[in-house]
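> Structure, please.
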Amino acid sequence: MIKLYMDHNVPSAITSGLRILGIDVLTAYEDNQHQTDDPELLDRAATLERVLFTRDDDFIVEANRRQREAIPFYGIVYAHQLRVPIGAAIHDLDLLAKTGGPADFWNTLYFLPL
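Okay, here's the model as predicted:
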């Protein structure tokens with residue numbers, strides 16, 4: 001099972017829904033990192049051994065840069081704000097968290113819906 005780190009752009013309904021399902025979730029707000037720049041936020045998630053979930057397109061660019069330059073990161077799951085409803089995001093993140101391990105996410109960018 002993986003632990004998730006929620007970017008500050010993630011609606012609280014997604015975080016709450018995942019917690020109800022027993023997923024270990026930490027938000028950037030709870031970690032007092034909600035004003036941290038994207039690269040540093042991704043590093044913070046890695047330090048905490050958590051996969052970052054975001055709805056921010058900038059993380060796609062950051063993941064691609066890191067992959068190109070061989071800069072490791074713990075993993076990112078991305079869902080477009082308008083194309084992935086809250087319920088679908090909760091369902092897919094629950095599935096990923098419960099069936100995946102850290103090695104499945106290392107240096108990887110996943111897109112929702114699955």
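
> Tell me, how many residues neighbour Asn9?
15 (other CB atoms under 10 Å). In this view, the C-beta of every residue, glycine as well, is placed from N, C-alpha and C.

> how about the helices in this structure?
12-20, 38-47, 58-68, 86-99, 102-105 (DSSP state H).

> show me what contacts Ala63?
Phe73, Ile76, Leu109 (CB atoms under 8 Å, 6 or more residues apart in numbering).

> what's the burial count for the residue nearest to Ala88 when sequence neighbours are not counted?
Using CB to CB, 6 or more residues apart in numbering and skipping residues adjacent in sequence, the residue nearest Ala88 is Pro113, 5.5 Å away. By other CB under 10 Å, 12 other residues sit near Pro113.

> Do I have it right that Val77 meets Leu95?
No - here Val77 does not reach Leu95: they are 10.8 Å apart, not a contact under CB atoms under 8 Å.

> Which one of the two is surrounded by more residues?
Comparing Val77 with Leu95 by neighbour count (other CB under 10 Å), the higher total belongs to Val77, at 25 against 11.

> what's across from the more buried one in the sheet?
Phe53, Tyr110 (DSSP bridges).

> still on that earlier bit, my guess is the residue nearest to Ala88 meets Gly87, correct?
No - judged on CB under 8 Å, Pro113 makes no contact with Gly87 at a distance of 10.8 Å.

> Tell me the residues that contact both of those two, please.
Contacts common to Pro113 and Gly87, judged by CB under 8 Å, 6+ apart, are absent.

> Burial check on Phe105, number of neighbours?
The number of residues packed near Phe105 is 20, by other CB under 10 Å.
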